Every structure is written in structure tokens, then in C-alpha cells.
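Enquirer: Would you be able to build a 3D model of this:
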Amino acid sequence: IYGNNAQGKTNLVEAIYLLTGQKSFRQTRESDLVRFGQPSGEISARFFCGGREQEIRLALEGGKRTALLNGLPVGVGELTGRFFAVVFSPTELSLVKEGPSQRRAFLDGAISQVMPRYVRTLADLSRVTFQRNSLLYDMARNPSMDEGLLEVWDRSLARLSYSIINARCRYLARLAPYAGEIYQGISGGKETLSLGYRCSIPGDWGGIGEREGEALIQEALEKSRREDLKNGFTTLGPHRDDLELLVNGVSARAYGSQGQQRSCALTLKLAECRVIREVAGEEPVILLDDVLSE
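Expert: Have a look, this model is predicted:
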């Protein structure tokens, strides 16, 4: 698809990506997805997946999305795992150059496509973290409050945090070999790329069991309680973790050249496609937006 600037090429790519049930890769508000001056918008598409032709209709009105899958109403989140797409755009360079939140968002979005229930766990973690932060804020203003209230949220946070950390580590175990192979191809065999999960709570997260993992997280939350009360928010957990990218053993974010950072971002996306094929048995739609600009 080609044309002059500001003709809607990226809008079309964005529309296709929204069919995955995920948020826009452009980080826009839901209300901004509808054409100016119009009350609503709709995307409809036919696609082949699961051995048959299917159809999605996605409506946007009043800042909210509703969906039909093969004529039946479904939650927008239920589209995840039904239609697979991976997007690469100039903004994807932020995966390497910017802070940990960008890399966490990549991990969470990629995992959601092959493990749809992960979306609900993420939402639950966000809710519990918000509730715990609210309690920390209240306790900081009123020191006489019973700290036992925090223990209730700590147990829930530990359970959800283990699920998220474990899922991220298992996904990286699949992604890393593909990423290493692809990056070697891009660099002509001159450089290596390795991936690692930097957890804010120390532990052998690649092999630790559920019960032991939850206990470790709960213990870490108890130790950080004074710091959390001082700051008024939860300082440890999956919302503070990072994906580490090392080119020849050195941080790509801190020391990588523009070309190396670009290659890392493209590698992550191509490796994500390989994992989708491996886990879901489907070929994802690959969306390349304005690639020649990079």
C-alpha cells in the first residue's frame, strides 16, 4: 500500500492490528480511533484461521469497543488468540531505546496472543496493585492504621505476580533462541543477541515452583514495606521488571548503535512471529509500517 503523506496508510495498518483485540500500537485514546466529526466507526474483516474462513466486526462508539466474531457477540479481549498479527513501525525503536515500560508492553502483548488468559491475569494484577497503592497512600497519611490490611493484598499480589513472572520467563525461553538465530542472520554472523529477564525480586524464576515463588514474593513485599510506605506505592513486582537485550554481551539500550538498536527491535518482532507459529500453529499477519523510513 503506497501513497502520499497523511492519506491514511498507517490508519489501515492500525485497523488491521486492532482485530487482534489488543490496543493500538500508536498508543492513541480509544475515542481518537474514530474519524473526526463522526459518532462511531467500524472495522470488518474476513480472515482464514483455525482451518476455516472467519469474520470479525469491531465497532467503536463513545470511546468503547464491541465485537462480533462469526456473527456472535464476544468481548474484545476474546479476539486475542483468534486473529494473529505482528506490527513493525518506526515507533518500535522505542522497544530498545526507551524505558522498561516499552519492553514490558512488548512482552505482555506477545504473550497475550499465544496465551489469551494472560490478559485477565494482567488486569487482575493491575487492579490489586492499584488497591495496594491506595492503601499505602492512606497509611502514610494515617500511621495508626493496621498494617495487617496490607497482608491481604500482599497475598493476592504474590499469587498474581508469580503467574506473570513465570509466564514471561517461559515465553522468553521460547523467544530467545529464535531471536539469537535471526539477529545472527541480520548481522551476517558478526554479532550475537541474548535476552534476559531482569526481575525486581531476586530469584531463579526460570525453575522456581509456584508455592516457593509466591512465598519468595510475599517475603520481598514484607521486607520492602517500609520503603513502600515511604514512597506511597509498590516498589517491587512485575510492573517494575525489564527485558534485557545484550549485543555481544553489552546492553543494546545503553551502548548499542542506532543500527544495532533497529536490528534488535526487528529481531524481536520476527522472533515473535516464530513463536506464534510454534505455539498456535498459525501464520501471523505481518504489518510493516513505513519501513523504508528506517
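Enquirer: elements contacting the biggest helix by length in the chain?
Expert: Ranked by number of residues, the top helix in the chain under DSSP state H is helix 148-186. Helix 148-186 makes packing contacts with helix 100-114, helix 117-141, strand 193-198, helix 210-223, helix 258-280 when contacts are defined by 3 or more Cβ pairs under 8 Å, 6 or more residues apart in numbering; DSSP states H and E. Where C-beta positions appear, they are placed from N, C-alpha and C, glycine not excepted.
Enquirer: Check what contacts the second one and list those residues.
Expert: Under the contact criterion Cβ atoms under 8 Å, 6 or more residues apart in numbering, helix 117-141 has outside partners 77, 80, 108, 111-112, 145, 147, 149-150, 153-154, 156-157, 160-161, 163-164, 167, 228-234, 237-239.
Enquirer: what angle sits between the longest helix of the chain and strand 193-198?
Expert: 180 degrees (axes from the mean of the first three to the mean of the last three Cα atoms, to 10 degrees).
Enquirer: Please identify the buried residues of helix 148-186?
Expert: 150, 153-154, 156-169, 171-172, 174-176, 178-180, 182-183, 186 (16 or more other Cβ atoms under 10 Å).
Enquirer: How about the contacts made by residue 63?
Expert: Residue 63 is in contact with 29, 30, 31, counting by Cβ under 8 Å, 6+ apart.
Enquirer: Quick check: closest non-adjacent residue to the residue nearest the centre of the chain.
Expert: For the chain, the residue sitting closest to the mean C-alpha position, by Cα atoms, centre = their mean, is residue 108 at 2.5 Å. Nearest non-adjacent residue to residue 108, counting by Cβ to Cβ, 6 or more residues apart in numbering: residue 122, 6.0 Å away.
Enquirer: What pLDDT does the model give that neighbour?
Expert: Predicted confidence (pLDDT) for residue 122: 95.
Enquirer: Also residue 291?
Expert: Model confidence at residue 291 (pLDDT) stands at 66.
Enquirer: cool, and residue 147?
Expert: For residue 147, pLDDT reads 77.
Enquirer: which residues touch the nearest residue to residue 175 once chain neighbours are set aside?
Expert: The shortest distance from residue 175 to any non-neighbouring residue, by Cβ to Cβ, 6+ apart, is to residue 271 (5.1 Å). Under the criterion of Cβ under 8 Å, 6+ apart, the neighbours of residue 271 are 175, 178, 179, 182.
Enquirer: could you measure residue 271 against residue 88, distance?
Expert: In this view, residue 271 and residue 88 are 12 Å apart by Cβ to Cβ, to the nearest Å.
Enquirer: what's the neighbour count on residue 79?
Expert: 21 (other Cβ atoms under 10 Å).
Enquirer: what about the closest residue to it other than its chain neighbours, distance to residue 106?
Expert: Sequence neighbours aside, residue 21 is the residue nearest to residue 79 in space, at 3.2 Å (criterion: Cβ to Cβ, 6+ apart). Applying Cβ to Cβ, the value for residue 21 to residue 106 is 16 Å.
Enquirer: Settle it for me: which of these two has more neighbours?
Expert: residue 21 (25 against 18).
Enquirer: what helix or strand is that one on?
Expert: Counting by DSSP states H and E, there is no helix or strand that carries residue 21.
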